[in-house]
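K.L.:
Sequence first, then the predicted structure:
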Amino acid sequence: MSRRDEKNSDNGFEAWGGYMQAKISKLEEQFSSKASKENHVSDIFKGISIFVNGYTVPTADELKDLMAQHGGVYHTYQRHEDIVIASNLPDTKVKNMSLTNIVKPEWITESIASNQLLDYKDFLLYSNKHSQPKLKFQKMSIDKKNKKELSTDSWVEPINNVDIERPLLDSSYVIVDSTNSLKDIKNTDTKTAVDPNFISEFYSNSRLHHISQLGACFKQYINDLREKSNFIFAAHINLRDRIKSYNQHSSFFMNFEYNKIIMHIDMDCFFVSVGLRKHPELKGKPVAVTHSKGGLSQRKRSGVNRSVEFELYRQKQAGKLIKAGVAINDIEISTRIDNIGDEGNKFGSMSEIASCSYEARAKGICNGMFMGAALRLCPELQTIPYDFEGYKEVAYTLYNTIAQYTLDIEAVSCDEMYVHCTDLLKNLNVSPEDFATVIREEIREKTGCPCSTGFGGNRLQARLATKQAKPNGQFFLTANLIEDFMFDINLKDLPGVGRQTSQKLESLGHQTCGSLQSLTLASLQQHLGNKTGAQLFDQCRGRDRNPLTYHTVRKSVSAEVNYGIRFETNDQCFHFLNQLSVEVQSRMQQFKVKGKCITLKLMVRAEEAPVETAKFLGHGFCDVINKSVSLLEATNDSQIILQEVISLCKKLNIDPKEMRGIGIQVTKLEQLNDKLQKSKGAISKFLSNVTKDERQDKPNLCMKNEPVSPKRPLLSPRKKSPILGPSRSPSKRRGRPPKNSKLSTSKNLMDKFLQCPAIKNEFKSPIKNKFKDVEEPKKNIENIETKRIVKSGLLGLSWKQVRELLRAWFDSGQPPKQCDVNMIISYMEDMICNKNIDKLYILINFFRRRIQEINNEIWNEVLNYVLEQVQSAMMAVYNKRLYFED
DNA sequence: ATCCTCCCCTAC
DNA sequence: TAAGGTAGGGGAGGAT
């Protein structure tokens, strides 16, 4: 070791550590600010590549071949056999080079001269991070001010002091490559499942993880909203006005003759639309959302054999077709891996396209395609990164916007839902077209993203209508159109018909619904099974008996990772299973469930498949193995899960080196909080019956139509309010079970994933406000300050002031006086006239709550009187009553 | 018949 | 480089 080391840490051996990261960031800054992006850092190495032996190292023969191809030479470092130096320099001097000569001094001085490198310390940073603790170079002292005057010779000496403490056995293989930029070098150090933080890092980057989590959240969200059902749909009031301003002629839609109207709404290329908000300059261009930056050539990994792997995929698909009875010559097997270039090729990227714009689709690009294939179709394809926060925010806004009007929503995913809007449209007396126009505009305005809607008599029709409507359109598939419309629909476009089914059907000679209609039910069932056959029989005729499902019950909880799984030992595998078990446990706690059946899913490299996968750290061509155990007692304990899963794993006896994917699934779920759940179950069962009956004759949502009621002048007193009080319950649309854990369940869920603090004001939905307000009226009344100045009484006061006044009034302990009551009533009437129903609702709830607390006869009378007046005013203005929960 | 386990398929 | 998750429906085939 160096003497200088002891004297002065700045001059001695540089220990690698956090320093490295800091340095890299600093350098990145310098490099990017210098705008010398063309000059890759590794230019300083002038084409030298160093491979340090590790498990992915190329064999000596491979390396020799490689270098021969590039006209370079191959050399094994004598002192430490696990260091290999290979160079594609034409210079044969390399042959006997020692580590001292790996870097020629003049390269470094050149780099310094061109301001790319500050000192020798910086240079060292570009070694492989894996080898940091083990590889120590002596750092050279350098006077930065004078660096340009340093002679070449002054660099040589210290480099001779290179010292290697021990062999670099477990390093990965690349130190420097002449084709990659600084950033790539930094990323050489890719995490695999062996890293302790792998799961969280992976999940944070996984689009599919986000899609499934977000989708589940919105299902829960709708469940919760419906259970609360504590809303007035104030938005209804403005809807017709907005429609009028849009379309003078359709203010009334008198000929409403449809039994049932289902709306399907779907954002247009969701990820792209959201992403374009941050990249408006790319609007109108072919754009794709992907991790790949686009087409840069990659570093080669040894052992990759794409053609072998791709051929396996093709064979597998062919096998399936043969099984389905297709002559293999009949159908060309097309797969996702078609048109992918080889590794390192311009079209070789295997990054998946999560979503692409319609301009890109026009070129034949579609979602899920690999970047390489897409670039072949459209070389000018632009890429934008994921914006997971943005998706959450837009999805939230979408749902809240629709939920203003109705809660008869079936959440499909974060960007898609079905809405049963028969009652809504009937009630509002607006046509589907007008409704669609207005809400699409509203969504567009709030989110900046376009969406499309389809209407039809059932979910299938609505869905197909949406497809027809896209992009950025709407379509009403009316009963008279259905027959013709269905005839030309491609079977692939039917929901539930994927690649396998459609290929099977194609082998039977059918590509369109019209053609499939010639098959009998029995023959369809024979080929596809009873249920699937029957479903398809209906579907190709445009029928769909499945009602919307508003309430979903979770049946399984699982977590799996099929990316980056590379184990050496069983212990590493078990360690990862432990992390996965913890993940499953936390999800089960979130959903408040326990489960009785645990399934371990393994993806194992197929025997014929290359060890190194075509996709970087992908799972490659695999066999999938599932194995499950049933427990006597339901659990959500990660340690029990781990124990079972390890035992399953041992039974399967798979070499950990061959594992490419691992998943844990828990089924046969039971709800936690048994007592609460049971009582709730009974109540909701009861209520769901009531609800059913009501829904037929009471289509109204939360605004209640007065059956027969002559208009009375404002403020005309009536004896008793029939609206409020416990006896009012028949007007309930659907019940609210007693408050229980459900609420906190959803809170946890939302907190963890959905909660969207980033929602800006303009994206805030009234529903969300209301939601909160119901819980915390005081706080929110404070928040919502209106600063209208009106002539007298309460009208000139802010929300806050009114609230203070009311509170003081309640707290005063004095009996209420008529004039005060009148004042509050006139304040409320003003709100009604100004369509300020949201706030009125909050205010009245506050009012009721306080009076219930006081629980005194006089105050109760006041309450009744106030409510009666309010309802009268509501009737006069809107011909509707305000709906309240008990 | 009905259930169970494993597997496949589909959707986003 | 790349981030190939997750839930539900249903079928095949064996156990009961």
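P.N.:
That came through, no problem.
K.L.:
contacting residues for A:Gly595?
P.N.:
Contact analysis of A:Gly595 by C-beta atoms under 8 Å, 6 or more residues apart in numbering lists A:556-557, A:588, A:634-636, A:666-670. Where C-beta positions appear, they are placed from N, C-alpha and C, glycine not excepted.
K.L.:
give me the low-pLDDT residue ranges for the stretch 101-250 of chain A?
P.N.:
Across the stretch 101-250 of chain A, the ranges flagged by pLDDT under 70 are A:101-189, A:229-234, A:247-250.
K.L.:
Quick check: residues of it near DNA strand C?
P.N.:
The stretch 101-250 of chain A has residues A:184, A:187-188, A:190-191, A:201-203, A:205-209, A:211-213, A:215-216 near DNA strand C, with proximity defined as C-beta under 7 Å from any atom of the strand.
K.L.:
which secondary structure element contains the nearest residue to A:Leu548 once chain neighbours are set aside?
P.N.:
Excluding the flanking residues, the one nearest A:Leu548 by C-beta to C-beta, 6 or more residues apart in numbering is A:Glu410, at 4.2 Å. Secondary structure assignment for A:Glu410, by DSSP states H and E: strand A:409-413.
K.L.:
as a whole number, average confidence for that strand?
P.N.:
On average, the pLDDT along strand A:409-413 is 96.
K.L.:
Also stretch A:339-352?
P.N.:
86.
K.L.:
Among the contacts of A:Gly595, find the one with the greatest number of neighbours, please.
P.N.:
A:Val666 (28 neighbours; other C-beta atoms under 10 Å).
K.L.:
partners of the helix or strand hosting that residue, with directions?
P.N.:
Element membership for A:Val666 (DSSP H and E) is strand A:659-671. Paired with strand A:659-671 in the same sheet, following DSSP bridges, are strand A:556-561 (antiparallel), strand A:593-605 (antiparallel).
K.L.:
touching DNA strand B at all, it?
P.N.:
No: if you take C-beta under 7 Å from any atom of the strand as the test, strand A:659-671 misses DNA strand B, and the best it gets is 7.6 Å.
K.L.:
how about the CA coordinates for that strand, as CSV?
P.N.:
What follows is strand A:659-671 as a C-alpha-only set of coordinates in CSV (Å, rounded to 0.1, in the frame of the first residue of the first chain):
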residue,chain,number,x,y,z
MET,A,659,-35.4,-20.1,-11.5
ARG,A,660,-36.6,-17.2,-13.5
GLY,A,661,-39.8,-16.1,-11.8
ILE,A,662,-41.4,-16.6,-8.4
GLY,A,663,-44.9,-15.9,-7.1
ILE,A,664,-47.0,-16.5,-4.0
GLN,A,665,-50.7,-16.5,-4.1
VAL,A,666,-53.2,-16.9,-1.2
THR,A,667,-56.7,-18.0,-1.9
LYS,A,668,-59.8,-19.3,0.1
LEU,A,669,-59.9,-15.9,1.7
GLU,A,670,-61.8,-15.0,4.9
GLN,A,671,-62.5,-11.5,6.0
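K.L.:
Against A:Ser212, how distant is the closest residue to A:Leu214 other than its chain neighbours?
P.N.:
The shortest distance from A:Leu214 to any residue other than its chain neighbours is 3.9 Å, reached at A:Cys414 (C-beta to C-beta, 6+ apart). The gap separating A:Cys414 from A:Ser212 is 9 Å, by C-beta to C-beta, to the nearest Å.
K.L.:
Bridged to the residue in the stretch 651-800 of chain A positioned nearest to DNA strand C, which residues?
P.N.:
Residue nearest to DNA strand C within the stretch 651-800 of chain A (C-beta to the nearest atom of the strand): A:Gly661, separated by 5.8 Å. Beta bridges link A:Gly661 to A:Met603, judged by DSSP bridges.
K.L.:
Fine by me, thanks again.
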